[in-house]
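> Okay, here's the prediction I keep looking at, along with the sequence it came from:
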Amino acid sequence: METFSVEPDRCGCRFEQHAPAHHRRLVSLEREPMTALVELIEMAATWDEIEYGETEPVIPPTEWIAFAEDHAWMDGDRVFDALVALASVAFPSRSRRLAAVTSLQKTAADAVPRALATV
């Protein structure tokens, strides 16, 4: 994944349009890594237990890789790796975790040719 200058919190992407507050928190991953990582770990670990999105729209862990791909980062590889790892935490049962990891790997594998095409 390429490294770019970080764009502003308000970029107008589909994620921001759907869940603006959660979008700002995800974008803050590089600026405030400890705060953002703790929140994302907590969300991923409890994804199946808590009804997220009832009071405020959120971006589900299954979309975190696409989120990383759709945004510019100072260290894109590091953010991408963190979001892949965090997304894989969201699926506690072995079968669901394996299915999710397989899906995440496919998404990641598909992202590489797209990223290379823009170089």
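Okay, I see it.

> What count of nearby residues applies to D77?
Counted with other CB atoms under 10 Å, the neighbours of D77 add up to 12. For glycine as for every other residue, the C-beta is placed from the backbone atoms N, C-alpha and C.

> residues of the host helix or strand of it that come out buried?
Using DSSP states H and E, D77 falls within helix 76-89. Counting neighbours by 16 or more other CB atoms under 10 Å, one finds that the buried residues in helix 76-89 are G76, V79, F80, A82, L83, V84, L86, A87, S88, V89.

> And that helix, what does it pack against?
Packing contacts for helix 76-89, counted by 3 or more CB pairs under 8 Å, 6 or more residues apart in numbering; DSSP states H and E, involve helix 33-45, helix 64-69, helix 94-117.

> tell me what the shortest one is packed against?
Contacts defined by 3+ CB pairs under 8 Å, 6+ apart place helix 64-69 against helix 76-89, helix 94-117.

> least reliable of the ones you listed going by mean pLDDT?
When the helices and strands packed on helix 64-69 are compared by mean pLDDT, helix 94-117 comes last with a mean of 63.

> follow-up on the earlier one: wait, which of the buried residues of helix 76-89 is closest to Q17?
Distance ranking of the buried residues of helix 76-89 against Q17, using CB to CB, places L83 first at 19.4 Å.

> Relative to P33, how far out is that closest one?
12 Å (CB to CB, to the nearest Å).

> separation between I50 and E69?
Taking CB to CB as the measure, I50 and E69 are separated by 26 Å.

> neighbour-wise, which of the two wins?
Neighbours were counted for I50 and for E69 using other CB under 10 Å; E69 has more, 17 against 11.

> ok, now how distant is the more buried one from A45?
For E69, the distance to A45 - CB to CB - is 23 Å.

> can you tell me which residue is nearest the centre of the protein?
Geometric centre of the chain, nearest residue: W64, 2.2 Å, by CA atoms, centre = their mean.

> count of neighbours near A19?
Other residues within reach of A19, judged by other CB under 10 Å, total 20.

> Ignore what I typed, I meant G53.
13.
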